[in-house]
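J.: Model the following, please.
(4 chains)
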Protein chains: 2
Amino acid sequence: MSAEQPDMPELKIESGSGLQTNVEPLQLGKRLREIRQSLSLTLEEASQKTGLARSTLSKIENEQISPTFTAVQKLANGLQIDIPQLFAKPRSTMASGRRVLTKSGEGTPHPTSTYEHELLSTDLARKKMVPFKTRVRARSFDDFGDWVRHEGEEFLLVLEGELALYTEFYEPVAMVAGDSMYYDANMGHALVSLSEKDALVLWVVAR
Amino acid sequence: MSAEQPDMPELKIESGSGLQTNVEPLQLGKRLREIRQSLSLTLEEASQKTGLARSTLSKIENEQISPTFTAVQKLANGLQIDIPQLFAKPRSTMASGRRVLTKSGEGTPHPTSTYEHELLSTDLARKKMVPFKTRVRARSFDDFGDWVRHEGEEFLLVLEGELALYTEFYEPVAMVAGDSMYYDANMGHALVSLSEKDALVLWVVAR
DNA sequence: CAATAAATTAGCATATAGGAAATATTTCCC
DNA sequence: GGGAAATATTTCCTATATGCTAATTTATTG
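T.: Numbering: from 1, shown residues only, chains lettered A, B, ... in the order given. Okay, the predicted model is just below:
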């Protein structure tokens, strides 16, 4: 174990939960108006559903007043929206009704010193999962780098060959084709091919 | 296409973002106190960082008053917390530092009329992904059931054999070992083995 | 237990949110 | 375009949150 976290393809998943330094002011009123209108409710109807006065709603939507938290709760309850969702910036998701085929060997290559990654389904943005095949070249134990470690969870299926999965806190485990492992990716992990030949694995990462 | 959505193993992923019917009242004050204390800030310090008066902070934490949304914003800014996170119920996640090995063939069987699923990593709760291997028995086109359709995204890798993936809105596509597909699982989908033999696929579902 | 820090409460002043009704604006139909 | 109905905004009053200062209570710590 020596250097820095190497070897993993860069993950491009929008988190949607990072620290929000409030660069954009979060227009609560605007947001609420959008929601109310998307429900095609009049202020009067919204008023009845929430128990807040028409005038109050109007003022809130026009950012003339800053609603009390109880008011926000009444709003959320009455309009059937949940509060986190109210403040979360619109979650960026994969385009619906999309599919992408990756023929064998036609993924995006991403070689590193010890692994040969082949990223799959790369032309589909904002996926929840990042799948890739990895060829683990035969190598000696000593050039074992530092732990790989990152946010999220990881699933690993051995497609060909034999290898050892090293994970922090555990004994290394030998795996052969067909074996699979699911683990917390924050925990350091690394793969070593055990046989003379390269090993091939499928990896799926989710943040 | 005929019956009802069949054949998929039941997914057990906590959503953490469903409609929140506010069964539990969401103790904002308590939450804020926890956060402040976890930062080991005194009310005085928090007051300086947020620009809110000590007494006000105290009252908010003790739920004696319902803070104005601007107050909440000042709090969030001053204490470097983001608002969605403030209101989100603590996300139930997989136990950290955990890993689970599933040896080939030792998953949890889950047979259905047309598929033989083998669920992987089943003794790890609250995973983001649900991986399983599926044996697709050779079958004729006519006993093709209705679309399978569910929340989330799905990744599919063909391990053995040849099959056709049918998806709503698209032409069916033939896939052989090594080919993979990533798609929106809300879109109807179904697999048919093309050859005489069964086909084997790996599936990973994320909500 | 004493000494100190931290938190809560109290009292009062002020700013501002919430509710009811009046006013303005928009929508829509003729 | 004019007028009526629907919808939204504003006004005015009341309720309540916020800030300040200081007193009291409750931890902390030596």
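
J.: Show me what the least confident helix or strand in chain A by mean pLDDT is packed up against.
T.: Between all helices and strands in chain A, the lowest mean by mean pLDDT, DSSP states H and E belongs to helix A:83-87, at a mean of 83. When contacts are defined as 3 or more C-beta pairs under 8 Å, 6 or more residues apart in numbering or on different chains; DSSP states H and E, helix A:83-87 packs onto helix A:28-38, helix A:69-79, helix B:83-87. All C-beta spots, glycine's among them, are computed from the backbone N, C-alpha and C.

J.: how about the last one against DNA strand D, any contact?
T.: Think helix B:83-87. No - with C-beta under 7 Å from any atom of the strand as the criterion, DNA strand D is not reached by helix B:83-87; the gap is at least 14.6 Å.

J.: mind giving me the domain ranges of chain A?
T.: A:28-87, A:108-206 (automatic domain parsing).

J.: Same list (the ones you listed) but as JSON lines, adding mean neighbour count.
T.: Shown next, in JSON lines, are those (neighbours: other C-beta atoms under 10 Å in any protein chain shown):
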{"stretch": "domain A:28-87", "mean neighbour count": "17"}
{"stretch": "domain A:108-206", "mean neighbour count": "18"}
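
J.: where does chain A have low pLDDT?
T.: Residue ranges of chain A with pLDDT under 70: A:1-26, A:90-91, A:139-145.

J.: Close to DNA strand D: what parts of it are there?
T.: A:42, A:43, A:44, A:54, A:55, A:58, A:59, A:61, A:62, A:64, A:68, A:70.

J.: ok, and the closest non-adjacent residue to residue A:161?
T.: Spatially, and ignoring its direct neighbours in sequence, residue A:161 is nearest to residue A:199 (3.0 Å; C-beta to C-beta, 6 or more residues apart in numbering or on different chains).

J.: Now stretch A:77-91 - C-alpha only, CSV.
T.: C-alpha atoms of stretch A:77-91 as CSV (Å, rounded to 0.1, in the frame of the first residue of the first chain):
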residue,chain,number,x,y,z
ASN,A,77,-49.1,18.9,4.3
GLY,A,78,-52.0,20.6,2.4
LEU,A,79,-50.4,20.3,-1.0
GLN,A,80,-48.9,16.9,-0.4
ILE,A,81,-45.4,17.8,-1.0
ASP,A,82,-42.5,16.8,1.1
ILE,A,83,-40.3,19.4,2.6
PRO,A,84,-36.9,18.2,1.5
GLN,A,85,-38.2,18.0,-2.0
LEU,A,86,-39.4,21.6,-1.6
PHE,A,87,-36.0,22.9,-1.0
ALA,A,88,-34.0,20.5,-3.0
LYS,A,89,-32.9,21.8,-6.3
PRO,A,90,-34.8,19.9,-9.0
ARG,A,91,-33.2,16.5,-9.0
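
J.: how much space between residue A:51 and residue B:174?
T.: Using C-beta to C-beta, to the nearest Å, residue A:51 is found at 58 Å from residue B:174.

J.: picking that back up, Serialize the domains of chain A to JSON lines and add fields for distance to residue B:117.
T.: As requested, those are exported to JSON lines (distance: least, C-beta to C-beta, whole Å):
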{"stretch": "domain A:28-87", "distance to residue B:117": "33"}
{"stretch": "domain A:108-206", "distance to residue B:117": "14"}
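
J.: Give me the three-state assignment for the closest residue to DNA strand D within chain A.
T.: Closest to DNA strand D within chain A is residue A:55: 2.7 Å, counting by C-beta to the nearest atom of the strand. Secondary structure, DSSP: H, G, I helix; E, B strand; the rest coil: residue A:55 is helix.

J.: What lies in contact with stretch A:102-113?
T.: Stretch A:102-113 has contacts (C-beta atoms under 8 Å, 6 or more residues apart in numbering or on different chains) with A:6-7, A:9, A:116-122, A:132-133, A:145, B:176-182.

J.: How far off centre is that stretch?
T.: Distance of stretch A:102-113 from its chain centroid, counting by C-alpha atoms, centre = their mean, to the nearest Å, is 21 Å.

J.: what about that stretch, start to end distance?
T.: End-to-end distance of stretch A:102-113 (C-alpha to C-alpha, to the nearest Å): 24 Å.

J.: what do you get for stretch A:70-89?
T.: End-to-end distance (C-alpha to C-alpha), stretch A:70-89: 22 Å.

J.: Contact residues of chain A facing DNA strand C?
T.: So chain A meets DNA strand C at A:51-56, A:59-60, A:64-68, A:70-71 (C-beta under 7 Å from any atom of the strand).

J.: So of these, which two are at opposite extremes in space?
T.: Using C-beta to C-beta, the two most remote members of the residues of chain A next to DNA strand C are A:51 and A:64, lying 19.6 Å apart.

J.: right, and residue A:160 touches residue A:202 too?
T.: No - contact between residue A:160 and residue A:202 fails when scored by C-beta atoms under 8 Å: they sit 10.3 Å apart.

J.: Residue B:159 versus the closest residue to residue A:93 other than its chain neighbours, what's the distance?
T.: Nearest non-adjacent residue to residue A:93, counting by C-beta to C-beta, 6+ apart: residue A:126, 5.9 Å away. Distance of residue A:126 to residue B:159, given as C-beta to C-beta: 27 Å.

J.: Tell me the helix or strand right after the least confident helix or strand of chain A.
T.: Counting by DSSP states H and E, the element after helix A:83-87 in chain order, helix or strand, is strand A:99-102.

J.: Direction included, what does that following strand pair against?
T.: Here strand A:99-102 is paired, per DSSP bridges, with strand B:180-184 (antiparallel).

J.: Now do the strand it pairs with: everything it contacts.
T.: A:94-102, A:107, A:120-121, A:124, A:127, A:129, A:131, B:153-158, B:165, B:167, B:173, B:175, B:189.

J.: Same question for stretch A:56-72.
T.: Counting by C-beta under 8 Å, 6+ apart, A:27-30, A:32-33, A:36, A:43, A:46-47, A:50, A:52, A:75, A:83, A:86, B:28, B:66-72 sit against stretch A:56-72.

J.: just how off-centre is that stretch within its chain?
T.: So, by C-alpha atoms, centre = their mean, the centroid of stretch A:56-72 is 33 Å from its chain's centroid.

J.: And for stretch A:176-183?
T.: The answer for stretch A:176-183 is 22 Å, by C-alpha atoms, centre = their mean.

J.: How about stretch A:149-160?
T.: Remark: stretch A:149-160 is offset 14 Å from the chain centroid, using C-alpha atoms, centre = their mean.

J.: what are the C-alpha coordinates of that stretch, in PDB please?
T.: Written as PDB, here are the backbone C-alpha positions of stretch A:149-160 (Å, rounded to 0.1, in the frame of the first residue of the first chain):
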ATOM      1  CA  ARG A 149     -12.000   4.400  -1.600                       C
ATOM      2  CA  HIS A 150     -15.000   6.600  -2.600                       C
ATOM      3  CA  GLU A 151     -18.500   7.400  -1.800                       C
ATOM      4  CA  GLY A 152     -21.300   4.900  -2.500                       C
ATOM      5  CA  GLU A 153     -21.700   1.200  -2.900                       C
ATOM      6  CA  GLU A 154     -20.100  -1.200  -5.200                       C
ATOM      7  CA  PHE A 155     -21.100  -4.500  -6.700                       C
ATOM      8  CA  LEU A 156     -18.600  -6.700  -8.300                       C
ATOM      9  CA  LEU A 157     -19.000  -9.900 -10.300                       C
ATOM     10  CA  VAL A 158     -16.100 -12.000 -11.500                       C
ATOM     11  CA  LEU A 159     -16.600 -12.800 -15.200                       C
ATOM     12  CA  GLU A 160     -13.300 -14.600 -15.900                       C
END
